[in-house]
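Enquirer: Predicted model, plus sequence, below.
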Amino acid sequence: MTNAAGRPNLSVDDLDSTGHGSLAQLLTTGPFPEALRAAIKASRLSLDRIQHRLALRGVTISVATLSYWQSGRRRPERPESLEALRHLETVLGVPQSGLSALLGPPRPRGRRSRPTTMMPIDALWARRERVANLLTKVDTSSDVKLGRISQHDRIEIAADGGQRSVWVRQILRAEQDGPDRWALVFETEESDVLPAVVNLRNCHLGRVAEDTDANIMVAEMMFDRPLARGETIIMEYELLFAEGHYPAGNNTFARKFRLPVREYVIEVRFDPSYLPARCQQFSVPAGDDTPSRRRNLALDNAGGVHAVALGFGPGVFGIRWEWPK
């Protein structure tokens, strides 16, 4: 059976080309070549047919390159190759970023190449020195071992226009054995108190470091046990401000990603008695000073807006709003 786009409807339970593991598992744990081989086998398309379908989408790629990618001899790294991979995901019927998220950082090239330096946790924060100082007071060693699969932020705005709470749901995957915590960094403005961390699920609060002068908090979100490589965790918590201390936050909420996330969902819910005149999503790729992409958002019937980012990062993604004058 094929769908409206003319490509097979795949079952993610199909075996890979070696007969080991399911496609769903390989899209979660990798490695990239095995996941690609499994997706190609499940599609029941030859490399020639895949090349033809990519050509119909305006993508020029050789059968040899596709063969190299699935064998592990090469992998897509250049911008044009990554763009081709995004179309290949559609042709094969796998989730968007399902394969590209398995690539990790680019491999070094040349004899004198050195491993790519990963962006530090504090890199995207305006007050880097203050954030960096707080991070020295907690254990951040697990951060680099965790892949960002999915994140969902829901921000509740009170009748006075301040941010009442932030509910967070994250799905993380262990890329190595041993990660046992998530390092939470939260910064707010226009408030004289920091939020409480409540309603935790599949985690508990560890060490907390605060800079009350700058309204910045760093906290360890401890897992119930260390994760094994390939294992995933669904973690939830809520940041709750005390009544009467809801920060305006410059009428903006944004999430900073130093590593790519497959899926990011952000919701902002407004009190029905005080609705914004305009809402807009924005993104700022790492290294840029100003938003590169903006999109106006329409309020839904419940008085809220949302935005979705797929395969995003490193960078900043958020929503800003304007109140009626």
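Expert: Cool, the structure landed. No experiment lies behind these values; they were computed from the predicted model shown. Residues are numbered from 1 along each chain as shown.
Enquirer: what residues does stretch 68-84 touch?
Expert: Stretch 68-84 is contacted by residues 31-33, 36-37, 40, 54, 59, 61, 65, 85, 100, 103, 106-107 when judged by Cβ atoms under 8 Å, 6 or more residues apart in numbering. Any C-beta I mention is one placed from the backbone N, CA and C, and that applies to glycine too.
Enquirer: again, only using 6 Å
Expert: Outside of stretch 68-84, the residues within contact range by Cβ atoms under 6 Å, 6 or more residues apart in numbering are 33, 36, 37, 59, 61, 85, 106.
Enquirer: of those residues, the lowest pLDDT goes to which?
Expert: The lowest pLDDT within these belongs to residue 106, with 53.
Enquirer: Settle this for me: residue 246 is touching residue 159, isn't it.
Expert: No: using Cβ atoms under 6 Å, residue 246 is not in contact with residue 159, being 9.4 Å away.
Enquirer: which one of these two has more residues nearby?
Expert: Neighbours around residue 246 and residue 159, counted as other Cβ atoms under 10 Å, are more numerous at residue 246. The numbers are 23 against 12.
Enquirer: check contacts around the residue nearest to the more buried one when sequence neighbours are not counted.
Expert: In space, and not counting its chain neighbours, residue 246 is closest to residue 162: 2.6 Å by Cβ to Cβ, 6 or more residues apart in numbering. The neighbours of residue 162, taking Cβ under 6 Å, 6+ apart as the test, are 246, 247, 248.
Enquirer: which residues pair with the residue nearest the centre of the chain across the strands?
Expert: Nearest residue to the geometric centre of the chain (Cα atoms, centre = their mean): residue 261, 2.0 Å. Counting by DSSP bridges, residue 261 is bridged to residue 148, residue 312.
Enquirer: Quick check, it in contact with residue 313.
Expert: Yes: if you go by Cβ under 6 Å, residue 261 and residue 313 touch, sitting 5.4 Å apart.
Enquirer: Adding neighbour count, distance to residue 77 and secondary structure, write the contacts of stretch 68-84 out as a markdown table.
Expert: Formatted as a markdown table, these follow (neighbours: other Cβ atoms under 10 Å; distance: Cβ to Cβ, whole Å; DSSP: H, G, I helix; E, B strand; the rest coil):
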| residue | neighbour count | distance to residue 77 | secondary structure |
| --- | --- | --- | --- |
| 33 | 19 | 14 | helix |
| 36 | 29 | 14 | helix |
| 37 | 19 | 19 | helix |
| 59 | 17 | 16 | coil |
| 61 | 20 | 14 | coil |
| 85 | 21 | 10 | helix |
| 106 | 11 | 5 | coil |
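Enquirer: In terms of distance to residue 305, which of these ranks first?
Expert: Among the contacts of stretch 68-84, residue 85 lies closest to residue 305 (Cβ to Cβ), at 30.7 Å.
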